[in-house]
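> please work out how this folds:
(chains A and B)
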Amino acid sequence: MALRVRYAPSPTGSPHVGNLRTAIFCWLAARKYGGQFIARLEDTDRDPSRYKPESIAEIEESLRWLGIVPDEWWVSGGPHAPYVQSERLNLYRETAELLVTRGMAYRCFCTEERLADMRQQQKAQGAASGYDRRCRYLQPDEVHRSLAEGRPHTIRLAVPLEGTTRYHDLVFGVVEVENRFVDDQVLLKSNGWPTYHLAVVVDDHAMEITHVIRGEDWMPSTPKQVLLYEALGWDQPVWVHIPLTIGKDRKKLSKRHGATQFVEFIRAGYLPEAMFNFLVLLGWSSGEENRELMSVDEIMERFTLEGIHRTPAIFDYDKLRWMNSEYIRRCNLDRLLELSLPYLSDAGLLDNAPSSEVRAYVLRVLSLIRDRMHLIADVVELARPFLSEPEKAEPSGLRMWLSGRGASERLECASKYLGTIGAAWNAAQIEEAVNQAAAELQIARAPIIHTLRLATTGVTAGPSLFEMLEVLGRERVLRRLRRAKEWVLEA
RNA sequence: GGCGCCAUCGUCUAGAGGUCAGGACGACGGGUUUUCAGCCCGUAAACCGGAGUUCGAUUCUCCGUGGCGCUACCA
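Predicted coordinates:
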């Protein structure tokens, strides 16, 4: 079965993580079953307060970043182009008129004011909301008169008054709704543009979409679309609704919980494979095996649409962060270098185009700090001691390790032994020097280690001292030690 | 209010008519070490409630409760 699946974002703002999660499921389904992954821009809402054309670039960036580039979309075109709804308006208008001709839809001349009043009244009476169908029963001559007067109107779907509409959902099973609860949905707005319900059905049919995979929030309106398919005599696609992702308080994921826009995760330094893995696990699991860390290929092998869950999933930022650190640990250093460079230059720690010597140095630094990174952005603080001269020492550390006569002694003595190491400057030699200093001063080596750490980096936490000094290099270390003598507090 | 969907540790989840209800994140405790991170070991932590079916239900059915979603000429 060659299935065709589409991802249909609206350019109404920076794309949401949950939205890209849906895109991942769509892509996975298409790839898994040897089909096509299509993306279509649903830009029929031109209200300036919602229409945000800038977001299109972010949608494209997000898909590319995740490695789920559509086979057919507005960027590269395809056999069913255009893949932008605003360029397909005639199709929707013709379809709406066809429905009117067949008596499956009707013209509605109600003004927005009247509809607002109606809704307010329904609410006041605690009645069910929905269009009262006044225009559905207009006499033909009334319609003609209004039309002749050029009165603006919409076209509404004439939903059957009785009976039940049901559809089968691959995830949720059979869903049925009595038609009397289904609203006479506007299909064509008075400005001639379609609503989602019309456009999505027309395009999915035209583009030969076999599986509609989308958020669970679309479930309540699916009967309207099923009715449209029936009215048009078209075969329905397979319906697949995916549970939503929500925040810790079980409310819609919002800024209160953390990042929500997909590009925020890109900027923060999450790895694509971590985002992919994490997002897929939010609402899908491979089954019996107790494995969570999986490559795209491994996920692909196990993925089935039927395996998608029915419960909304809370977006756990902590777990994502953990997963990202796991992937960073698995990331090879050359790639990590490329990923880190922009953060380092943005922080002013590096030039935009560092020399090969500098790159080699940063590579060695990365080998020391990789296991400590959760986000690529962490590279800035972790690498800072290696890339900029410490101006001062951390106050608490200063009191502990760089105050009093003992501090000067430790510094002098350690410097002396470190100074004797020449070309063979490496962790083993450095450790030996520290041991010698400890022996001479007749103290444990810990105080010396702490003192050296603070003196060379200005901070009390960091990688293993010996390796760190090795990477920093002889000249830099000795220079910093001389400099640090000025920091010593007299007791 | 109406309509729809859902219900296993705090979270993501596995699971089966009879299991010590398993794993992961997080939390907590211990170990390693030179600090922090990490790593290793361990601990606590769940079947929403009530009926029914059954020898036996957390698992199947119904009801209740709770949560979420929709209720626009937005998608």
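> residues of the stretch 301-450 of chain A that sit close to RNA strand B?
With the criterion set to C-beta under 7 Å from any atom of the strand, the stretch 301-450 of chain A comes near RNA strand B through A:309-314, A:316, A:318-319, A:322, A:371-372, A:431, A:445-446, A:449-450. Every residue, glycine included, has its C-beta placed from N, CA and C.
> which of those are buried, as a ChimeraX select command?
Buried residues among these (16 or more other C-beta atoms under 10 Å), as a ChimeraX selection:
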select /A:312,313,314,372,431,445,449,450
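> now, which of the residues of the stretch 301-450 of chain A next to RNA strand B lie within strands?
Counting by DSSP state E, these place A:Ala313, A:Ile314 in strands.
> distance from the centroid: which residue in chain A tops it?
Relative to the C-alpha centroid of chain A, counting by C-alpha atoms, centre = their mean, A:Glu440 is the outermost residue, at 56.9 Å.
> just the CA trace of stretch A:121-136, in CSV.
What follows is stretch A:121-136, C-alpha atoms only, in CSV (Å, rounded to 0.1, in the frame of the first residue of the first chain):
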residue,chain,number,x,y,z
GLN,A,121,-28.7,34.5,23.3
GLN,A,122,-28.0,30.8,23.1
LYS,A,123,-25.4,31.2,25.8
ALA,A,124,-27.8,33.2,28.0
GLN,A,125,-30.4,30.5,27.7
GLY,A,126,-27.8,27.8,28.3
ALA,A,127,-28.8,26.3,25.0
ALA,A,128,-26.6,24.4,22.7
SER,A,129,-24.6,26.6,20.4
GLY,A,130,-24.6,26.5,16.6
TYR,A,131,-26.1,28.2,13.6
ASP,A,132,-29.9,28.3,13.8
ARG,A,133,-30.2,27.5,10.1
ARG,A,134,-32.4,30.5,9.3
CYS,A,135,-31.0,30.8,5.7
ARG,A,136,-31.3,27.1,5.0
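> contacting residues around it?
For stretch A:121-136, the external contacting residues (C-beta atoms under 8 Å, 6 or more residues apart in numbering) are A:106-110, A:115, A:118-119, A:153, A:156, A:158, A:181, A:183-184.
> which of these count as buried?
Neighbour counting by 16+ other C-beta under 10 Å classes A:Tyr106, A:Arg107, A:Cys108, A:Phe109, A:Cys110, A:Leu115, A:Met118, A:His153, A:Arg156, A:Ala158, A:Asp183, A:Asp184 among the contacts of stretch A:121-136 as buried.
> surely the first one is in a strand?
What that stands for is A:Tyr106. Yes - applying DSSP: H, G, I helix; E, B strand; the rest coil, one finds A:Tyr106 inside a strand.
> is it bridged to anything, and to what?
A:Arg156 (DSSP bridges).
> got the confidence number for it?
Looking at A:Tyr106, its pLDDT reads 97.
> equivalent analysis for A:Ala491, please.
pLDDT for A:Ala491: 58.
> and if you look at A:Leu293?
Value listed for A:Leu293 in the pLDDT field: 94.
> pretty sure it sits against A:Ala274.
No - counting by C-beta atoms under 8 Å, A:Ala274 is not a contact partner of A:Leu293; they are 9.3 Å apart.
> of these two, who's got more company?
Neighbours per residue, other C-beta atoms under 10 Å: of A:Leu293 and A:Ala274, the larger number sits with A:Ala274, 23 against 14.
> contacts only, for A:Ala444.
Going by C-beta under 8 Å, 6+ apart, A:Ala444 touches A:Ala438.
> give me the three-state assignment for the residue nearest to A:Tyr51 when sequence neighbours are not counted.
Take A:Tyr51 and drop its neighbours on the chain: the residue closest to it by C-beta to C-beta, 6 or more residues apart in numbering is A:Asp45, 6.0 Å away. Put simply, A:Asp45 is coil when judged by three-state DSSP.
> what about A:Asp45, neighbour count?
16.
> also A:Trp74?
When neighbours are counted by other C-beta under 10 Å, A:Trp74 registers 20.
> quick one: it and A:Asp43 touch, right?
No - in this structure, A:Trp74 is not within contact of A:Asp43 by C-beta under 8 Å, at 9.7 Å.
> what sits in contact with each of the two?
Listed as contacting both A:Trp74 and A:Asp43 by C-beta under 8 Å, 6+ apart are A:Val84.
> what about RNA strand B: which of the contacts of stretch A:121-136 touch it?
Answer for the contacts of stretch A:121-136 near RNA strand B (C-beta under 7 Å from any atom of the strand): A:Cys110, A:Leu115, A:Arg119, A:His153, A:Phe181, A:Asp183.
> which residues in the stretch 151-300 of chain A form helices?
Using DSSP state H, counting those that start in this stretch, the helices of the stretch 151-300 of chain A run over A:196-206, A:222-232, A:262-268, A:272-281, A:296-302.
> could the ones you listed be laid out in TSV, adding mean pLDDT?
Shown next, in TSV, are those (pLDDT from 0 to 100):
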stretch	mean pLDDT
helix A:196-206	98
helix A:222-232	97
helix A:262-268	96
helix A:272-281	97
helix A:296-302	95
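> pLDDT weak spots in the stretch 251-400 of chain A?
Across the stretch 251-400 of chain A, nothing is flagged by pLDDT under 70.
> now do the same contact list for the most centrally placed residue in chain A.
The centroid of chain A falls nearest to A:Phe262 when counting by C-alpha atoms, centre = their mean (3.0 Å). Counting by C-beta under 8 Å, 6+ apart, A:Phe262 touches A:Ser14, A:Pro15, A:His16, A:Val17, A:Asn19, A:Leu20, A:Glu58, A:Ser62.
> got a quick ChimeraX command for the buried subset of these?
Listed next is the ChimeraX selection for buried residues among the contacts of A:Phe262, using 16+ other C-beta under 10 Å:
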select /A:14,15,16,17,19,20,58,62
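> show me which of the contacts of A:Phe262 is closest to A:Gly173.
Closest approach to A:Gly173 among these (C-beta to C-beta): A:Asn19, at 24.6 Å.
> and the closest one, how far from A:Val238?
21 Å (C-beta to C-beta, to the nearest Å).
> ok, now A:Phe466?
61 Å.
> A:Arg64: neighbouring residues, count only.
Around A:Arg64 there are 12 other residues, counting by other C-beta under 10 Å.
> what about the strands in the stretch 1-150 of chain A?
Shown for the stretch 1-150 of chain A, the strands assigned by DSSP state E, counting those that start in this stretch span residues A:4-7, A:36-39, A:105-108.
> which strands and helices sit next to the last one?
On a contact count with 3 or more C-beta pairs under 8 Å, 6 or more residues apart in numbering; DSSP states H and E, strand A:105-108 meets helix A:89-101, helix A:140-148, strand A:154-157.
> who touches the shortest one?
Just to be clear, that refers to strand A:154-157. Outside strand A:154-157, the residues touching it (C-beta under 8 Å, 6+ apart) are A:96-97, A:99-100, A:104-108, A:110, A:131, A:135-136, A:184-190, A:197, A:224, A:227-228, A:231.
> write the ChimeraX selection for whichever of these are buried.
In ChimeraX syntax, the buried subset of the contacts of strand A:154-157 is picked out as below (16+ other C-beta under 10 Å):
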select /A:96,99,100,104,105,106,107,108,110,131,135,136,184,185,186,187,188,189,190,197,224,227,228,231
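> tell me which of the contacts of A:Phe262 is nearest to A:Leu398?
Distances from A:Leu398 to the contacts of A:Phe262, taken by C-beta to C-beta, are shortest for A:Val17, at 42.8 Å.
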